[in-house]
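Colleague: Structure here, sequence nowhere to be found:
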């Protein structure tokens with residue numbers, strides 16, 4: 001079990017013990033920063049889905065109204081006009097066979113990978129390198145597309161992915177601690193709404209079992225979410 005410092009312990013003592021509103025949770029965290037750097041804000045959710053059943057898995061993307069505050073490095077696997085369009089849109093790395101060989105060698109210095117359907121025939125073979133890092137392009141998240149320009153712009157503007165893990169948890173970043181409280185609230189609400197829209201029809205009972213808001217080094221604060 002990780003040992004926390006005095007500052008964390010002091011904040012934990014005055015943190016709300018019961019679930020509060022999203023606005024109250026954000027206000028508390030902003031008023032009680034722990035790190036000296038600009039911490040990332042994160043939503044943590046325990047879902048009422050059975051992760052062993054494929055029809056109850058939750059995965060999707062959402063564009064945050066106010067971005068993530070994070071500089072996103074985008075790699076695009078494409079050739080021809082799709083590659084040119086990706087460069088024009090601001091992609092950090094663009095290539096096809098050359099980029100694939102670089103990744104095969106162990107290079108993964110990017111946050112998001114986009115590929116054209118044609119390039120995916122070879123990119124699929126990079127499962128060992130991209131899979132464990134969650135970087136494999138996927139049509140469901142809009143990262144397998146011929147419209148590389150639109151995909152790059154969406155990622156750069158603050159499009160985030162959410163995916164439930166094997167334990168039924170979802171963690172999604174929604175901005176920086178320095179953001180205005182109202183903007184953080186709107187970003188978080190966009191994520192909650194997007195996940196709610198992905199509720200599997202076969203899920204019974206409470207959908208959001210537990211939802212917390214926290215910062216990189218901060219104390220988790222439980223929030224009240226109505227199904």
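Modeller: Arrived safely. Just so it is clear, the structure is predicted and the values come from calculations on it, not from any experiment.

Colleague: what's the single longest helix in this protein?
Modeller: Ranked by residue count, the top helix of the chain under DSSP state H comes out as helix 181-197.

Colleague: Can you list the helices and strands that that helix packs against?
Modeller: On a contact count with 3 or more C-beta pairs under 8 Å, 6 or more residues apart in numbering; DSSP states H and E, helix 181-197 meets helix 22-31, strand 40-47, strand 59-63, strand 159-163, strand 169-176, strand 208-215. Heads up, the C-betas are built off the backbone N, CA and C, glycines and all.

Colleague: Can you lay out these as CSV showing mean neighbour count and distance to residue 131?
Modeller: As requested, these are exported to CSV (neighbours: other C-beta atoms under 10 Å; distance: least, C-beta to C-beta, whole Å):
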stretch, mean neighbour count, distance to residue 131
helix 22-31, 19, 33
strand 40-47, 21, 22
strand 59-63, 17, 14
strand 159-163, 19, 13
strand 169-176, 20, 18
strand 208-215, 19, 27
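
Colleague: For the ones you listed, could you give me JSON lines that also reports distance to residue 121 and mean pLDDT?
Modeller: Formatted as JSON lines, those follow (distance: least, C-beta to C-beta, whole Å; pLDDT from 0 to 100):
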{"stretch": "helix 22-31", "distance to residue 121": "43", "mean pLDDT": "96"}
{"stretch": "strand 40-47", "distance to residue 121": "34", "mean pLDDT": "96"}
{"stretch": "strand 59-63", "distance to residue 121": "23", "mean pLDDT": "89"}
{"stretch": "strand 159-163", "distance to residue 121": "23", "mean pLDDT": "89"}
{"stretch": "strand 169-176", "distance to residue 121": "31", "mean pLDDT": "95"}
{"stretch": "strand 208-215", "distance to residue 121": "39", "mean pLDDT": "96"}
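
Colleague: Tell me which of these sits nearest to residue 78.
Modeller: Ranking the helices and strands packed on helix 181-197 by proximity to residue 78 (C-beta to C-beta) places strand 159-163 first, at 18.1 Å.

Colleague: Contacts made by that closest one with the rest, please.
Modeller: Identification of contacts with strand 159-163 by C-beta atoms under 8 Å, 6 or more residues apart in numbering yields 58-64, 68, 134, 141-142, 170, 172-174, 191, 194-195.

Colleague: do the same with stretch 69-76
Modeller: With contact meaning C-beta under 8 Å, 6+ apart, stretch 69-76 is reached by 38, 40, 82-83, 86, 90-95, 99, 109-115, 148, 151-152, 155-156, 173, 175-176, 178-179.

Colleague: Can I have the buried ones of these as a ChimeraX selection?
Modeller: One line in ChimeraX is enough to select the buried ones among these; burial here means 16 or more other C-beta atoms under 10 Å:
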select :40,82,83,86,91,92,93,94,95,99,110,111,112,113,114,115,148,151,152,155,156,173,175,176,179
